[in-house]
Structure formats: structure tokens, C-alpha cells
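Peer 1: this one's structure only:
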């Protein structure tokens, strides 16, 4: 259902920047998105450090032992690198939103406001798609584990 703001001359003729409550809310939103963007960037930085440690330190520790590592290190390194690469794009959109919103609030420019909101939309679209993909992968892994697990010898449940 469409909004009737275009038929209301009081709302359609006003600029959003003339509403103090709207500009105040948008400014606070900009601050929070900047905070969460920085927080996510720090998290990705720590993931990168962990990846480097896994690449350099763990193989040197395992060289002195006769036993191989209990898990395949290259797979974990690859998973960390893929995760870092995936989360960079939504972060870029989040920082762009903050930047354009700051500029729009300072200059009262509707074009910059539009760019800011588009970047926020792209951020949430990307995060939403990633969420759907990961939930689907988790469900696929769960179903695969259940199916394979029930077919193992000695499983006291369903035998086919």
C-alpha cells in the first residue's frame, strides 16, 4: 500500500532536513552504524591475525611432533579467509552509509541522503542473502549428518 504523503501538501513540500526529530534520528543511526562497522572491522582484523597464526605457528609446532594435527589446518585457514572476504562487502556498504549520511546531514542534500539510504539498503540486502545462504547450508549439513548417521553400521535406529 502506498503512502499518501504526495497528496498531502504539508508533507510533500517539506524537506526531511527541516524535521529536527528526523535529522536527530538519522544522526544517531549514523553514529551506531559507524560503531558497529568499526567493531566488525576489529573482529575481521582479529580473524586475520588468527589466520596468520594458524598458517605460521601451528605448522612449526607440529613439525616437532610425531603425530599429525588432529584437524586439517589448510581447511580452517581457507574457511577463515573466505569468511573475511564475505564480510568485507557489507562492511563497505555500512561505512558508505555512515559517510554519506554525515555529508547529507551537514549539507542538507537529498542526493547524498538518497545515496546513504541506498548503501544501507545494500548492506541489509547483502546480510539478508548471506543469512539465507548460511541457514540453508546449516540445514543441508544437518540433514546430511542425520542421513549418513542413520546408515552407519551399529546405529540402533532405522535400518534400510
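Peer 2: Okay, I see it. Here the structure is a predicted model, which means the values were calculated and not measured. Numbers count the residues shown, from 1 in each chain.
Peer 1: what is the mean pLDDT for the longest helix that the chain contains?
Peer 2: The longest helix of the chain (DSSP state H) is helix 20-63. In this model, helix 20-63 has an average pLDDT of 89.
Peer 1: what's the angle from the following helix or strand past it to helix 20-63?
Peer 2: Remark: after helix 20-63, the chain's next helix or strand is helix 73-107, criterion DSSP states H and E. Going by axes from the mean of the first three to the mean of the last three C-alpha atoms, to 10 degrees, helix 73-107 is angled at 160 degrees with respect to helix 20-63.
Peer 1: Flag every buried residue along helix 73-107.
Peer 2: 76-77, 80, 87, 90-91, 93-102, 104-105 (16 or more other C-beta atoms under 10 Å). Where you see a C-beta, it was placed from the backbone N, CA and C, and this is true even at glycine.
Peer 1: Likewise for stretch 37-52?
Peer 2: 37, 40, 44, 51.
Peer 1: got a list of contacts for that stretch?
Peer 2: Residues outside stretch 37-52 that contact it (C-beta atoms under 8 Å, 6 or more residues apart in numbering) are 77, 80, 81, 83, 84, 87, 88, 91, 94, 95, 98.
Peer 1: doesn't residue 32 make contact with the last one?
Peer 2: Going back to what we said before, that points to residue 98. No. Assessed by C-beta atoms under 8 Å, residue 98 is found out of contact with residue 32, at 9.1 Å.
Peer 1: ok, back up a step: name the nearest of the contacts of stretch 37-52 relative to residue 28.
Peer 2: residue 98 (11.7 Å; C-beta to C-beta).
Peer 1: Distance of the closest one relative to residue 115?
Peer 2: 12 Å (C-beta to C-beta, to the nearest Å).
Peer 1: just residue 55 next, same as before
Peer 2: For residue 55 relative to residue 115 (C-beta to C-beta), the value is 39 Å.
Peer 1: Look at these two and report which has more neighbours.
Peer 2: residue 115 (18 against 15; other C-beta atoms under 10 Å).
Peer 1: Setting the sequence-adjacent residues aside, check what's closest to that one.
Peer 2: Closest residue in space to residue 115, ignoring its immediate chain neighbours: residue 100 at 4.5 Å, by C-beta to C-beta, 6 or more residues apart in numbering.
Peer 1: Lovely, talk soon.
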